[in-house]
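*Asks:* Just the structure for this:
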Amino acid sequence: MRFPPLTLPAASPNDEPLELVCLNHDWVIELLSLCERLQFQTAWVQPVDEFDMINKVLELEQILVRASAMSCCCKNPTNRRYNSSGQLEVSYDGGVTWSLAPDADDRYSGAISPPLTGADGSDKRCLGATSAAEFVKQNLIDDLTEGETYANLYAAMVALCAVLGVTGVGILIAAFAAAIFIAGVSAVQSAFTSEVWADFKCILYCASEDDASFTETGWQEVKSQIISTFTGVVSVVLYNWVNSVGLVGLTNAARSGFATSGDCSECECAETWCYEWNFLTDDGDFSATFGTWVLGQGWVGTTAGTGSSIFLQKAMAMTTVTHVEADVVYNPRGNLNIKVGTTSTVTPANVLSGTYTWDGSVTDDDITVNPSSGESQGNSVRLTRMLMRGNGVNPFGTNNCE
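*Replies:* Okay, the predicted model is just below:
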């Protein structure tokens, strides 16, 4: 049976108004296959702009790839956990597979305070960083009272996070409440010198946006810089505090009004870079041991032993990588290992299609990308997109993302 051609919508798939739809994973895979057929002119009522049509279909495919790992809107998770990057993950199958769940995490999805007045830029960033540092100083450290029980410390920290619009993170708060209780209030307050607060303000300043807000990348950068800058109880308390409040809490602290002015003239911020590969339209100039590139499909796995594999390599100038993410399509399951030099970053195993990320800090001069799907997993794998961020000069050319 031959179906009549469709009318290409004027709007792109991501244009508002948007609808929320929940689908069985197998149906998502079938719709992804259908997207390949929709890239033919004969699928649409003519005349149609071929470039516009292909871009819209590719955008739809990217949405389906991401949606395949986000089933939280349809059923309740059986398990919850925080991964090594501090991100909330949920499982719907008793802990066999896990997926990121930012929509279920106040640190990502909580209410955000109105923006500060005035023009966006370095002055607003500095005011926000100063306010956030002062908020932590006055409420988290200066207000501590010697002899407080652990229960009272914990309750106070929970309440303080709630003031910043973040709830449901008690298991994270327990870490820095315990650190304060074990070290003792006097020792903690003595450790937080004026130099510590100046350095913390600069860390916040360098990682924030021009409107005094924090993105996920900025939040992860703050945590990374805390670890590399501070030691002992200062590092433990600040890291776990920032991890507990997330990008929402950091933004609300920056907009809390705890400072009316700031001076960040001594803050030296490292240059950052961001580069994204859309493999649906370009092979990214990677060298391949396994896998073949197909327009509209990305890198497609080829036979490797009894399974299917993509094995890509790319040399780059020595640089520090702080974030890696990749979109992969399996049918139905597969594995992923992305290395910077010899360090593994993104390493999910036996997972469904979706977007997988890593945050940290590693310095090297080459990357290896290896999605695979074994015989028992379906023998089908595609890599459609990858994004990396880091510090220093962009080793891949001009920044093409934020």
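
*Asks:* any low-confidence regions in the stretch 51-200 of the chain?
*Replies:* 66-75 (pLDDT under 70).

*Asks:* Now do the same contact list for residue 304.
*Replies:* 290, 311, 372 (Cβ atoms under 8 Å, 6 or more residues apart in numbering). (Each C-beta comes from the backbone N, C-alpha and C, glycine too.)

*Asks:* One more pass at 6 Å, please.
*Replies:* residue 290 (Cβ atoms under 6 Å, 6 or more residues apart in numbering).

*Asks:* ok, what's across the strand from it?
*Replies:* residue 307 (DSSP bridges).

*Asks:* Which parts of the stretch 301-402 of the chain are strands?
*Replies:* Taking DSSP state E, counting those that start in this stretch as the test, the strands found in the stretch 301-402 of the chain are 302-304, 307-309, 311-330, 335-340, 343-344, 354-373, 381-391.

*Asks:* quick one: strands adjacent to the fifth one?
*Replies:* Partner strands and pairing direction for strand 343-344 (DSSP bridges) are strand 335-340 (antiparallel).

*Asks:* I'd guess residue 214 is in a strand, am I close?
*Replies:* No: counting by DSSP: H, G, I helix; E, B strand; the rest coil, residue 214 falls outside a strand, being coil.

*Asks:* Please verify my assumption that it contacts residue 248.
*Replies:* No: using Cβ atoms under 6 Å, residue 214 is not in contact with residue 248, being 8.4 Å away.

*Asks:* and the host helix or strand of residue 228, which residues are buried?
*Replies:* Remark: residue 228 resides in helix 216-229, with elements defined by DSSP states H and E. Buried positions in helix 216-229, judged by neighbour count with 16 or more other Cβ atoms under 10 Å: 216-226.

*Asks:* go on, stretch 389-402?
*Replies:* Result for stretch 389-402 [16+ other Cβ under 10 Å]: buried residues 389-391, 394-396.

*Asks:* Then stretch 192-212?
*Replies:* For stretch 192-212, by 16+ other Cβ under 10 Å, it's 192, 196-197, 199-209, 211-212.

*Asks:* farthest pair in the residues you listed?
*Replies:* 192 and 211 (28.0 Å; Cβ to Cβ).

*Asks:* just to revisit the earlier point, out of the buried residues of helix 216-229, who's nearest residue 366?
*Replies:* residue 224 (21.5 Å).

*Asks:* Disregarding flanking residues, what is the spatial nearest neighbour of that closest one?
*Replies:* Nearest residue to residue 224 in three dimensions, chain neighbours excluded: residue 361, at 5.2 Å (Cβ to Cβ, 6 or more residues apart in numbering).

*Asks:* Touching, that neighbour and residue 323? I think so.
*Replies:* No: counting by Cβ under 6 Å, residue 323 is not a contact partner of residue 361; they are 9.6 Å apart.

*Asks:* re earlier: can you tell which of the strands of the stretch 301-402 of the chain is closest to residue 23?
*Replies:* strand 354-373 (13.7 Å).

*Asks:* packing partners for that closest one?
*Replies:* Packing partners of strand 354-373 (3 or more Cβ pairs under 6 Å, 6 or more residues apart in numbering; DSSP states H and E): strand 307-309, strand 311-330, strand 335-340, strand 381-391.

*Asks:* The third one vs strand 354-373, what angle?
*Replies:* Orientation of strand 335-340 against strand 354-373 (axes from the mean of the first three to the mean of the last three Cα atoms, to 10 degrees) gives an angle of 100 degrees.

*Asks:* Same check on the last one?
*Replies:* Taking the same axes, to 10 degrees, strand 381-391 and strand 354-373 form an angle of 120 degrees between their directions.

*Asks:* What are the contacting residues of strand 381-391?
*Replies:* Residues contacting strand 381-391 (Cβ under 6 Å, 6+ apart): 65, 217, 270, 272-280, 297-301, 308, 310, 319-330, 334, 371, 373.

*Asks:* mind listing what residue 248 touches?
*Replies:* So residue 248 contacts 107, 110, 112, 165-166 (Cβ under 6 Å, 6+ apart).

*Asks:* Recalculate using a threshold of 8 Å.
*Replies:* 106-112, 164-166.

*Asks:* Now tabulate those in CSV and tack on distance to residue 261.
*Replies:* Output for the contacts of residue 248, formatted as CSV (distance: Cβ to Cβ, whole Å):
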residue, distance to residue 261
106, 30
107, 28
108, 30
109, 32
110, 27
111, 26
112, 23
164, 22
165, 25
166, 27
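
*Asks:* where exactly do the helices run in this structure?
*Replies:* 25-37, 50-67, 106-109, 122-136, 150-163, 170-183, 185-191, 194-207, 216-229, 232-254 (DSSP state H).

*Asks:* Make CSV out of the ones you listed and add distance to residue 286.
*Replies:* Putting those into CSV (distance: least, Cβ to Cβ, whole Å) gives the following:
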stretch, distance to residue 286
helix 25-37, 22
helix 50-67, 19
helix 106-109, 31
helix 122-136, 36
helix 150-163, 43
helix 170-183, 38
helix 185-191, 47
helix 194-207, 30
helix 216-229, 23
helix 232-254, 31
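
*Asks:* Quick one: closest of those helices to residue 352.
*Replies:* helix 25-37 (6.1 Å).

*Asks:* what sits up against that closest one?
*Replies:* Taking Cβ under 8 Å, 6+ apart as the rule, helix 25-37 contacts 23, 43, 57-58, 60-61, 64-65, 67-68, 71, 296-297, 329, 331-332, 352-353.

*Asks:* Over to stretch 286-299?
*Replies:* 36, 39, 54, 57-58, 279-281, 283, 300-302, 304, 309-314, 329, 369, 371, 382-385.

*Asks:* got a list of what residue 333 touches?
*Replies:* 350-352, 373, 377-378.

*Asks:* How about residue 142?
*Replies:* With Cβ under 8 Å, 6+ apart, residue 142 has these contacts: residue 189.

*Asks:* ok, now the one 3 residues further on?
*Replies:* Applying Cβ under 8 Å, 6+ apart, we find residue 145 in contact with residue 185.

*Asks:* Distance check, it against residue 189.
*Replies:* Taking Cβ to Cβ, to the nearest Å as the measure, residue 145 falls 10 Å from residue 189.

*Asks:* Tell me, how many residues neighbour the residue lying closest to residue 65 once chain neighbours are set aside?
*Replies:* Nearest non-adjacent residue to residue 65, counting by Cβ to Cβ, 6+ apart: residue 327, 4.9 Å away. A total of 25 residues lie near residue 327 under the criterion other Cβ atoms under 10 Å.
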